[in-house]
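J.: Quick one, what's the 3D model for this:
(one chain, ligands or ions: 2)
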Amino acid sequence: MKIITAEWLFDGEKFLKNKAVLFEEKILAVDTPDTLKKRYSNAEFIDMGQNSTIMPGFINPHVHLEFGANKTHLSYGNFMTWLNSVIQKRDELIESCKAGCYKREIDEMLASGITTFGAVSSYGKELRACLAAPQRVIFFNEAIGSQPAAVDALYADFLQRLNQSREAANDKFIPAIAIHSPYSVHPILIKKILQNIENEPLSAHFMESPVEKEWLEKADGPFKEFFENFLNQTKPLTTAKEFLKHLDGYKALLTHAVWADKDELNLIADAGHTIIHCPRSNRLLGCGRLRLEKLNSTKISWLLGTDGLSSNTSLNLWDEMRSALMMHYEMDLESLALDLLKVVTSKAANALNLPIGEIKEGNWADIIIVTLPDIPESSEQLPLQLILHTTNVKQLYISGEKYA
Ligand code: MCF
Ligand code: FE
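T.: Ligands and ions are numbered 1, 2, ... in the order given. Below is the predicted model:
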């Protein structure tokens, strides 16, 4: 049994002073350090001291580990250019990202305070690395393929990967499903997959780029040439709205949604889906900026993800939050900073329906401690200053076990 205290505690909602956490595998109590010390005199007492903040471990709900070898292979600035570079370099990149490469990505996330991540997997190659990871992992088995003749084979392959991950399920490894996108998965394949869901998390890339919108709405634009050349396909498989209809009844995580229009946002809100915002990926792939300020006037909740190293320079959510602060320049700085910290903790846990993300009794003891060189005078500035000045954590616990 351990008691940990610091100058500040962020419980997933608000910043509190003079608090300590009693924990084993789970959080047993949150109270003043004096009360806990008196009541549990046998517990190990850890005082992280001034300038430190105890927080729930971060949740990165969207990452692709298989492209971890990418540095300069892929081209940025325009979605089509990026996609063509992925097609050209995909095999080489996937081939060169083996166990050591996955471990580097997992370790980078761990050092930065990510205690849970959602890994989108195309082939299941990173399954073993994810099972060995200290973090909680939501393993999104991805289905992709638009050709009707291939549906049965694609489904069989998907099912085999899904079942393999189902067999490995435990408290820290959660099998899940990813439908790549409305433009890349045949509706029959989508239907077959959705019939198979057993209450598992579901995610999809959705309305990421202007070219996706043009193709789905007008059967035109650069995707037209792409689909004709590569897949002999002349029309989109579905509209964005039809795609959302398929997902009715499931609470899905929709990644990007930069180009979703008002009607689609209404459908997303009514269905209770959550949007995963990946600001650096969107910028690098020429997808523009998600209008967070507009999203905040709907009832849609949004999370923050790094996406993979195929469209980012790090898998660090502090880096991602810093970029979000700079990118959403119209929003109030202090309140956006606090929102971002909620989004990577309590809001992500809520969307994934996991007992983490809040420092409260009964939750898994997934806890991080971060330290600033000095503490700002006003506590209103604390979330902002934490985001501006943190890259890695001082200490980290997952299910009460210390990993950093
Ligand atoms: O989120 C980004 C951009 N949008 C779509 N897909 C991916 C992203 N990063 C990696 N991908 C993967 C996707 O999972 O790229 C592959 C798929 O397996 C090829 S299709 C773009
Ligand atoms: Fe992605």
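J.: who touches H273 in this structure?
T.: Neighbour list for H273: L244, L247, K251, A252, L253, L254, I300 [criterion: C-beta atoms under 8 Å, 6 or more residues apart in numbering]. C-beta: built from backbone N, CA, C; applies to glycine.
J.: swap that for K360, sorry
T.: By C-beta under 8 Å, 6+ apart, the contact list for K360 reads D11, G12, I27, V30.
J.: Would you mind stating the distance between it and ligand 1?
T.: Using C-beta to the nearest ligand atom, to the nearest Å, one gets 32 Å for the distance from K360 to ligand 1.
J.: what's the answer for R280, then?
T.: From R280 to ligand 1 the distance is 11 Å (C-beta to the nearest ligand atom).
J.: per-residue confidence at that residue?
T.: Looking at R280, its pLDDT reads 99.
J.: if we can go back for a sec, what's the closest of the contacts of H273 to N312?
T.: Nearest to N312 out of the contacts of H273 is L253 (C-beta to C-beta; 17.7 Å).
J.: That closest one in helix, strand or coil?
T.: Going by DSSP: H, G, I helix; E, B strand; the rest coil, the secondary structure assigned to L253 is strand.
J.: partner residues bridging it?
T.: S203, T274 (DSSP bridges).
J.: Quick check, pLDDT for it.
T.: 99.
J.: How about the one 4 residues further on?
T.: For A257, the model assigns a pLDDT of 99.
J.: rewinding a little: just the buried ones from the contacts of H273, in ChimeraX syntax?
T.: In ChimeraX, this line selects whichever of those come out buried by 16 or more other C-beta atoms under 10 Å:
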select :244,247,252,253,254,300
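J.: how about the helices of the stretch 1-150 of the chain, start to end?
T.: 33-39, 79-96, 99-112, 127-132 (DSSP state H, counting those that start in this stretch).
J.: Packing partners of the longest one?
T.: Read it as helix 79-96. Judged by 3 or more C-beta pairs under 8 Å, 6 or more residues apart in numbering; DSSP states H and E, the packing partners of helix 79-96 are helix 210-218, helix 222-231.
J.: Centre of the chain to the longest one, how far?
T.: When you say that, I think you mean helix 222-231. Relative to its parent chain, helix 222-231 has a centroid offset of 30 Å by C-alpha atoms, centre = their mean, to the nearest Å.
J.: Check stretch 17-32 too.
T.: Taking C-alpha atoms, centre = their mean, the mean C-alpha location of stretch 17-32 is offset from the chain mean by 27 Å.
J.: in that stretch, what's buried?
T.: K19, A20, V21, L22, F23, I27, L28, V30, D31.
J.: gap between the two ends of it?
T.: This stretch, stretch 17-32, spans 9 Å end to end (C-alpha to C-alpha, to the nearest Å).
J.: List of residues touching that stretch?
T.: Stretch 17-32 has contacts (C-beta under 8 Å, 6+ apart) with 1-5, 7-9, 11, 33, 36-37, 40, 43, 54, 359-365, 367, 397, 399-400.
J.: what's near enough to touch F226?
T.: Shown in contact with F226 (C-beta under 8 Å, 6+ apart): M80, L83, N84.
J.: now do C101
T.: By C-beta under 8 Å, 6+ apart, C101 lies in contact with G68, A69.
J.: State the pLDDT value of it.
T.: 98.
J.: what's the answer for F230, then?
T.: 87.
J.: Next one: it from H64, what distance?
T.: Per C-beta to C-beta, to the nearest Å, F230 is found 20 Å from H64.
J.: repeat for I177
T.: Noted for I177: a distance of 15 Å to H64, by C-beta to C-beta.
J.: you'd agree V344 is up against P61?
T.: No: counting by C-beta atoms under 8 Å, V344 stays clear of P61, with 9.1 Å between them.
J.: list residues touching both of these two?
T.: Common contacts of V344 and P61 (C-beta under 8 Å, 6+ apart): L303.
J.: returning to what we had before: among the buried residues of stretch 17-32, which pair sits farthest apart?
T.: Using C-beta to C-beta, the pair of those lying farthest apart is K19 and L28, separated by 13.9 Å.
J.: can you tell if stretch 168-176 touches ligand 1?
T.: No: Stretch 168-176 lies out of reach of ligand 1 by C-beta under 6 Å from any ligand atom, never closer than 13.5 Å.
J.: Stretch 46-63 too?
T.: No: Stretch 46-63 does not reach ligand 1 (C-beta under 6 Å from any ligand atom); its nearest approach is 7.3 Å.
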